[in-house]
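*Asks:* Pasted the sequence and its predicted model underneath.
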Amino acid sequence: MYTSDFDYDKINTDMQSAITQGTDVIVAGFPDPRQIAPLVTAAESSDIPIFSIDGGVEPNEDFVQDITFDQQQIADLGINALDEALGGLEGKDVMVIGHDPHVGIMTRSNIAVDELEAAGATIAGGEMKQVLNPGTSQEETLKFVTDYLQANPDGLDGIWTGWDHAALGAVQAINESGQDDIYVTGVDALGAAAAEIEKEGPFYASVLQDWSQVVDMTVESVEAYRESGELPAENFVEVEAELIDRTNVATYEPKM
């Protein structure tokens, strides 16, 4: 297994080396299709199929199969939950937290901005807030929200975040501010997120992406290829996500 901490120069070099050593199949975990051209070229020249998990948001001929989640549905579930929590979105101030280097987060975050504005909400600060590093996203979002609330004590109604670590930072900032009428939605339904939702505080809902299911589906596809030599019939498979909120969190068993 090769890992890169989002260093695509390293992963491209590592995988090119692996290909020369006799690799038969590549399984890629959330590769950015914009940054793996050397890897793809090396794989194609050696007739090696790439099976991808979360490798983009649209069909891509670089992969014999990419299994991911429906970004439109993810955005919709979070927006609808905020709409419910706030009693409507018209005239509400909503912060959106994104991270453009991740194609999935970028896609669903931009959908969220468009849908919030279409529903009559105002994007807090005038535009989406961009986290620089997923590893520090909780701390970065804590600072975004804290700074905004200090400058605008009554200027925030809700926060839509593209993933749960950012949502947890937003929840921490709201709790520390002492306000009890700002609601947050996230994505991934981590165990820590579920615990916050169960408290019925600022964290209103999160959208579960069951990656264990996707990994199982990918392994099945690779096994089928190993046994038959036939590539998957579909090269792009979107899986439906699930909303975890106050109505079902008590029976929810976190996957991560």
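*Replies:* Now that the structure is in, tell me what you want to look at. Residues are numbered from 1 along each chain as shown.

*Asks:* contacts, neighbours, all on C-alpha from now
*Replies:* OK.

*Asks:* Okay, buried residues for the top helix by length along the chain please.
*Replies:* As assigned by DSSP state H, the longest helix anywhere in the chain is helix 211-228. For helix 211-228, the neighbour count (16 or more other CA atoms under 10 Å) marks 211, 214-215, 218, 221-222 as buried.

*Asks:* show me what contacts the spatially most central residue of the chain?
*Replies:* What sits nearest the mean C-alpha location of the chain, by CA atoms, centre = their mean, is residue 105, with 4.6 Å. Taking CA atoms under 8 Å, 6 or more residues apart in numbering as the definition of contact, the neighbours of residue 105 are 98-99, 162-163.

*Asks:* Check residue 159 too.
*Replies:* 94-97, 167, 170, 182-185.

*Asks:* now the helix or strand hosting it, how far from the centre of its chain.
*Replies:* Assessed by DSSP states H and E, residue 159 sits inside strand 158-161. For strand 158-161, the separation from the chain centroid amounts to 14 Å (computed by CA atoms, centre = their mean, to the nearest Å).

*Asks:* What mean pLDDT does it get?
*Replies:* Average pLDDT, strand 158-161: 98.

*Asks:* change the start of the numbering to 894 and stick with it
*Replies:* Sounds good: first residue 894 from here, last item strand 1051-1054.

*Asks:* Buried residues, that strand. List them.
*Replies:* Buried-residue list, strand 1051-1054, by 16+ other CA under 10 Å: 1051-1054.

*Asks:* which among the residues you listed gets closest to residue 917?
*Replies:* residue 1054 (38.5 Å; CA to CA).
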